[in-house]
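Student: Next comes the sequence, and after it the predicted model I'd like to discuss.
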There are 2 protein chains.
Amino acid sequence: MSSGHVVGDANSARGGGDALAFAQRRLARARELLDELRLDAFLVSAPADVRYLSGFRGEDAWLVIGRHLALICTDSRFWEQVAEEVLEFQLERIERLDEGAVAALQRELGVQSAVGFQGHDLSYASYRRLRRLHRGRLRNAGDSVSRLRMVKDAGELAAVRRACTIIEDGLEQVLSSGLIGRTEAEVAWELRAALHERGVQDLAFETIVAAGERGALAHAIPGDRAIKPGDLVVIDAGARVDGYCSDITRTVAAGGIAKAAAEVYQVVLEAQLAGVAAVRPGVNGTVVDAAAREVIQAAGFGEFFGHGTGHGVGLCVHELPRLGRTVGDVLTAGMVHTVEPGIYREGSYGVRIEDTVVVTDAGCERLTPSGKELRIVG
Amino acid sequence: MSSGHVVGDANSARGGGDALAFAQRRLARARELLDELRLDAFLVSAPADVRYLSGFRGEDAWLVIGRHLALICTDSRFWEQVAEEVLEFQLERIERLDEGAVAALQRELGVQSAVGFQGHDLSYASYRRLRRLHRGRLRNAGDSVSRLRMVKDAGELAAVRRACTIIEDGLEQVLSSGLIGRTEAEVAWELRAALHERGVQDLAFETIVAAGERGALAHAIPGDRAIKPGDLVVIDAGARVDGYCSDITRTVAAGGIAKAAAEVYQVVLEAQLAGVAAVRPGVNGTVVDAAAREVIQAAGFGEFFGHGTGHGVGLCVHELPRLGRTVGDVLTAGMVHTVEPGIYREGSYGVRIEDTVVVTDAGCERLTPSGKELRIVG
């Protein structure tokens, strides 16, 4: 393929009248940020933010957003796609992203304009080129633009819901046909085929299927390990619908499992329930993490839970808000995130239980409502 | 899933005695670079480089390489995986990449050590954190470490060859069963299933299937467009074997096509053959681009070929060397790259023909040797 990947899927083109209203609202919110940050323009480079604001699903495009300016800068590989997908942004036909975008920006706003860039997305090398190209003020606008994506609107939430329903249905199909004797890779493939049957081509991420001792690898790649009686099996998967992700983990028992493992399962389940119960508007993600972590620590397994309790889910499978031990964001109604504590016993087994939830006015709603009691699968 | 994706596949763990020799040789070459660049250490953050040097297939790990030091720094999610996969690097158990890696580096080499980082990989925000953590010299080592991956060794080449053979076999299976009446998305799925039958789970990238007017989108996402008689269909696909990619494009005719389109096909084919013929050691990638581009320009289609002629292929589907119109790298025997000119007629059709080749002492060998004459598929 020629340089530049494609993100997202092809299911929904640039919608109807609603799409225009959403596009205008999003652009207006980005422009409000310009005032807050005292900038003349944003250079938006992060692909998910480019998509969120402009509708463009390709890569290798930058947005230039000023108070009266909305440009999408990309090269000839994507001009036709921009015409199909983008509503509110004017196409700037360029050859090279940084040069083209800065030239357009300077033409419209002057060579001394104050420009915010996305320091978490732009590489250091790209920043250096930008610095050479633009003598005016350059400011790292951090994740300010990405934060606009945290609270989901109705259309986004509908896509996440569908992605959650489809992954749960697919997972149920796989589990109900049994696990014992199949390899991790076979199970991962069957889940993919089940999603395909439901019209979904895109995974939110590569499915994790980790049996027995491999479950202790929080990010095991499905391999040739056959699932055998007595294994705990961690399955962590997500679908992508209209670009939006779901993310769920269930740990199931292949036949009967050892008592110690069953006890650990109950600890993780209680921790996960405590985490979910702690979610509500105004609470920091660290509080949700602490609620889950305390259960695991109290049971004596604190050292075996090395990752954070959750992360936002949307156009990216990992995005804001953060729900970690030391770093978190304050939750607001409409945010979508995971709650996923785990205990990993090196060399023996792992347990992780994960839901995707949406924050509501009163607490949260699980978007992955399937059962979490220990399930024994043949 | 918890934060941090997984790259690569699970087919080959840390090999036999050869693996150790390769690992030692790679590390030795990285250390030679330290002398050239007058650095005390590299911080290697790009996942493909981390994998190449250490064998680690996960993400969220940094390497610290000094003259007598080889550390892999990662958090608890990956400690067991490091133990499985990594030979020559000592595991540094950390919580946070930048803090942990810099602390280890300073402990071993002193707070004033001169450190090279990967400016094309590290974000500006990560660089700023690094700058705060390390008062000693910090230098953008550019792509110096990534360049080590350009020339493939025997094991790498074997993996690329398998990836090429498998994608060609899979593509042949799909084409020989016919295209007319199927949607782009169905064809993409059938190719994925054909790879699965051959034991390959991982694509090098999401398959492009673009029919008729959609072929003019260089990066079309397979959609619900049904293939009909008279369509040119662009299929751009790759498999991943042991982490290594293949990349091939064939444009085929669904039944008879218009004379003008057939003529354009011949122009692209001649351009592609001219590009392949120009490949040999000592030649700059821009020369290969020019050889292909001249054919297209001479036929009057220069403005419809907007992308570069090729790119390196390896652990990444897009890597060095570059073979563009204005930017290129000098080719050396053992490099693997694509040759893929195209002509895109907006609103009508597109043609792209692409091979993956390996540079030999005398020229190059096509690793995707399947036929390139216009093929009519039912």
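Tutor: On my side now, so go ahead.
Student: Going by length in residues, pull out the top helix of chain A.
Tutor: The longest helix of chain A (DSSP state H) is helix A:154-176.
Student: And A:G371, how far from chain B?
Tutor: With distances taken as C-beta to the nearest C-beta, to the nearest Å, A:G371 is found 20 Å from chain B. Any C-beta I mention is one placed from the backbone N, CA and C, and that applies to glycine too.
Student: now do A:L133
Tutor: The span separating A:L133 from chain B equals 15 Å under the rule C-beta to the nearest C-beta.
Student: hang on, the earlier thing: show me what the next helix or strand after the longest helix of chain A is in contact with.
Tutor: Where DSSP states H and E defines the elements, the next helix or strand beyond helix A:154-176 is helix A:184-197. The contact list for helix A:184-197 (C-beta atoms under 8 Å, 6 or more residues apart in numbering or on different chains) reads A:166-167, A:169-171, A:173-174, A:177, A:179, A:182, A:201, A:203, A:206-211, A:214, A:220, A:222-225, A:227, A:233, A:235, A:237, A:239, B:10, B:189, B:196, B:201.
Student: can you give me the mean pLDDT across helix A:184-197?
Tutor: Averaged over helix A:184-197, pLDDT sits at 97.
Student: Run the angle between that helix and helix B:184-197 for me.
Tutor: 170 degrees (axes from the mean of the first three to the mean of the last three C-alpha atoms, to 10 degrees).
Student: Now helix A:184-197: buried residues?
Tutor: Neighbour counts over helix A:184-197 (16 or more other C-beta atoms under 10 Å in any protein chain shown) mark A:184-196 as buried.
Student: tell me which parts of the stretch 51-200 of chain A are close to chain B?
Tutor: A:57-58, A:75-81, A:117, A:119-128, A:140, A:142, A:184-185, A:188-189, A:196 (C-beta under 8 Å from any C-beta of the partner chain).
Student: in chain A, which residue is closest to the centre?
Tutor: In chain A, the C-alpha nearest the mean C-alpha coordinate belongs to A:V317, at 1.8 Å (C-alpha atoms, centre = their mean).
Student: Got phi/psi on it?
Tutor: phi -80, psi -20 (degrees, to the nearest 10).
Student: From what I see, it and A:G243 are in contact.
Tutor: No: here A:V317 does not reach A:G243: they are 11.1 Å apart, not a contact under C-beta atoms under 8 Å.
Student: Tell me, how many residues neighbour A:A83?
Tutor: Around A:A83 there are 11 other residues, counting by other C-beta atoms under 10 Å in any protein chain shown.
Student: is stretch A:247-258 up against chain B anywhere?
Tutor: Yes: applying C-beta under 8 Å from any C-beta, one finds stretch A:247-258 touching chain B at A:247, A:249.
Student: what does stretch A:149-162 rub up against?
Tutor: By C-beta under 8 Å, 6+ apart, the surrounding residues in contact with stretch A:149-162 are A:18, A:22, A:48-49, A:52, A:241-246, A:312-315, A:319-321, A:329, A:332-336, A:356, A:358, A:367.
Student: Give me the buried subset of the residues you listed.
Tutor: Buried subset of those (neighbour count, 16+ other C-beta under 10 Å): A:22, A:48-49, A:52, A:241-246, A:312-315, A:319-321, A:329, A:334-336, A:356, A:358, A:367.
Student: residues in contact with A:Q24?
Tutor: Applying C-beta under 8 Å, 6+ apart, we find A:Q24 in contact with A:E88.
Student: Okay, buried residues for the longest helix of chain A please.
Tutor: Within helix A:154-176, the residues that qualify as buried are A:156-157, A:159-171, A:173-175, counting by 16+ other C-beta under 10 Å.
Student: With stretch A:68-76 instead?
Tutor: Buried residues in stretch A:68-76, counted by 16+ other C-beta under 10 Å: A:69-76.
Student: thinking again about what came up before, inside helices: which ones of the buried ones among the contacts of stretch A:149-162?
Tutor: A:22, A:48-49, A:52.
Student: Distance from the chain centre to stretch A:102-122, please.
Tutor: Taking the mean of its C-alpha atoms, stretch A:102-122 sits 28 Å from the chain's own mean (C-alpha atoms, centre = their mean, to the nearest Å).
Student: residues of that stretch that come out buried?
Tutor: For stretch A:102-122, the neighbour count (16+ other C-beta under 10 Å) marks A:102-106, A:108-109, A:113-122 as buried.
Student: so for stretch A:236-243, what's the average pLDDT?
Tutor: 97.
Student: hmm, who's touching that stretch?
Tutor: Contacts with stretch A:236-243, where a contact means C-beta under 8 Å, 6+ apart, come from A:7-9, A:11-12, A:51, A:57, A:159-160, A:162-164, A:166-167, A:170-171, A:191, A:195, A:200, A:202-205, A:207-208, A:245-249, A:313, A:315, A:317, A:352, A:354, B:1.
Student: what's the residue nearest to the centre of chain A in contact with, if anything?
Tutor: Taking C-beta under 8 Å, 6+ apart, we find A:V317 in contact with A:204-205, A:238, A:245, A:247, B:1.
Student: Let's see that with 6 Å instead.
Tutor: The contact partners of A:V317, by C-beta atoms under 6 Å, 6 or more residues apart in numbering or on different chains, come to A:204-205, A:238, A:245, A:247.
Student: are any of those buried, and which?
Tutor: Buried among the contacts of A:V317 by 16+ other C-beta under 10 Å: A:204-205, A:238, A:245, A:247.
Student: Mind listing the residues bridging to A:A226?
Tutor: A:A226 has these beta-bridge partners by DSSP bridges: A:T183.
Student: Could you report the neighbour count for it?
Tutor: By the criterion of other C-beta under 10 Å, A:A226 has 16 neighbours.
Student: roughly how far apart are it and A:T183?
Tutor: To A:T183, A:A226 is 5 Å away according to C-beta to C-beta, to the nearest Å.
Student: Equivalent analysis for A:A194, please.
Tutor: 17 Å.
Student: all helices of the stretch 251-378 of chain A, in order?
Tutor: A:259-278, A:285-298 (DSSP state H, counting those that start in this stretch).
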